[in-house]
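Undergrad: Sequence and computational prediction follow.
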Amino acid sequence: MDYASPNVLTAAALSWALPDTLRHLAATGDRSVVAEVIADFQSDTARRLRLMNDAIGNQDFAALRAQAHAIRGAAAEVGAERLAAVCMRIEFSAAAADAVEMANRHREAHLLFGAVCRVMDECGWNSE
């Protein structure tokens, strides 16, 4: 599967939905809290993806696994389920020291992250 394909990225981004707990917070007057959670997710994940890239280059599988695990949890918290699933695959490939798979899944995670961030921004979560 070509994860750089616009159709795949669009499908991934369109599958994003704010989880019920965050949607409820936003609807009951805590929109700023939700906006902060999303902003933190975006900045932290961007940083962690860079750290993952470094870990791949250094073949530091433990660091890669730790970053993928952190991104997976954060992605699940904000409803980026496909990104969370890819990060789980990165964790498994890091445990198996499969460098090719790690690099491929990292690229996929980076692309999915960008697509999800664009949809989040289009939904108005960038203006808070």
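TA: Alright, I've got the coordinates. Numbers count the residues shown, from 1 in each chain.

Undergrad: Please identify the buried residues of the longest helix along the chain?
TA: For the chain, the longest helix by residue count, based on DSSP state H, is helix 31-58. Buried residues in helix 31-58, defined by neighbour count with 16 or more other Cβ atoms under 10 Å: 34-35, 37-38, 41-42, 45, 48-49, 51-53, 55-56. Bear in mind the C-beta positions are built from the backbone N, C-alpha and C, glycine included.

Undergrad: Does anything pack onto that helix? Which helices or strands?
TA: Packing contacts for helix 31-58, counted by 3 or more Cβ pairs under 8 Å, 6 or more residues apart in numbering; DSSP states H and E, involve helix 20-27, helix 61-78, helix 99-120.

Undergrad: who wins for proximity to residue 87 among those?
TA: Ranking the helices and strands packed on helix 31-58 by proximity to residue 87 (Cβ to Cβ) places helix 61-78 first, at 3.7 Å.

Undergrad: List the buried residues in the closest one.
TA: Using 16+ other Cβ under 10 Å as the test for burial, helix 61-78 gives 61, 63-72, 74-78.

Undergrad: Stretch 16-32 now?
TA: For stretch 16-32, by 16+ other Cβ under 10 Å, it's 16, 18, 22, 25-26.

Undergrad: One more: stretch 97-116?
TA: Within stretch 97-116, the residues that qualify as buried are 102, 104-106, 108-113, 115-116, counting by 16+ other Cβ under 10 Å.

Undergrad: looking at it, residue 16 is touching residue 117, isn't it?
TA: No. Using Cβ atoms under 8 Å, residue 16 makes no contact with residue 117, being 9.5 Å away.
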